[in-house]
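Chemist: pasting a predicted model and its sequence here:
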Amino acid sequence: MFLFVFFVLRIFRAVILKKLSNIFYNTKSEFDSFIIGLIQNTPRYVYITISIYIPLKYLFLPDEIDITIDAIFLVVILLQFIRIATELVKFFLARTLLNEEDKDSLTTYNLLLVIARVVIWTTSLLFLLINLGFEITPLLASL
């Protein structure tokens with residue numbers, strides 16, 4: 001099952017993304033090319049984790065092991081989400097702020113990028129804690 005899922009993901013990456021990239025790279029829009037680039041630059045460990053996670057869900061494992069597998073999968077997916085969200089923020093901020101040769105726009109870009117990263121990481125950490133079974137209401141109340 002692992003090999004099947006791994007090869008399906010590899011075929012998806014090789015064939016479907018290549019066809020989509022051929023279509024999108026001929027357009028004038030930068031956004032679709034950017035999205036294809038994000039998908040093509042997905043690290044190999046994400047594909048391997050998905051390929052291991054899906055077959056393991058069909059096995060009857062002890063609860064502790066099952067919870068650990070879910071947690072590892074969630075961490076890998078959240079790290080990928082953080083990477084994609086950060087790149088999207090960089091893309092949109094660069095398009096709106098860095099078109100000018102102004103030094104202030106570069107400072108604004110860097111400041112907004114730091115704020116966006118803090119928001120993305122904080123949201124992801126809270127999401128992880130919720131899914132791991134922690135009660136975050138007191139944490140949110142203290143903010």
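Modeler: Yep, it's here. Numbers count the residues shown, from 1 in each chain.
Chemist: so how far is L98 from T108?
Modeler: 10 Å (C-beta to C-beta, to the nearest Å). (Each C-beta comes from the backbone N, C-alpha and C, glycine too.)
Chemist: how about K19?
Modeler: In this view, K19 and L98 are 32 Å apart by C-beta to C-beta.
Chemist: settle it for me: which of those two has more neighbours?
Modeler: Shown here are K19 and L98; by other C-beta atoms under 10 Å, L98 has more neighbours (14 against 10).
Chemist: how about stretch 115-133 as CSV, C-alpha atoms only?
Modeler: Extracted in CSV, the C-alpha atoms of stretch 115-133 (Å, rounded to 0.1, in the frame of the first residue of the first chain):
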residue,chain,number,x,y,z
ILE,A,115,3.8,40.2,11.6
ALA,A,116,2.3,37.7,9.1
ARG,A,117,4.8,35.0,10.1
VAL,A,118,4.0,35.5,13.8
VAL,A,119,0.2,35.2,13.0
ILE,A,120,0.8,32.1,10.8
TRP,A,121,3.0,30.3,13.3
THR,A,122,0.7,31.2,16.3
THR,A,123,-2.4,30.0,14.5
SER,A,124,-0.7,26.8,13.4
LEU,A,125,0.6,26.1,17.0
LEU,A,126,-2.9,26.7,18.4
PHE,A,127,-4.3,24.4,15.8
LEU,A,128,-1.7,21.7,16.7
LEU,A,129,-2.5,22.0,20.4
ILE,A,130,-6.2,21.7,19.8
ASN,A,131,-5.8,18.6,17.7
LEU,A,132,-3.4,17.0,20.2
GLY,A,133,-6.2,17.3,22.8
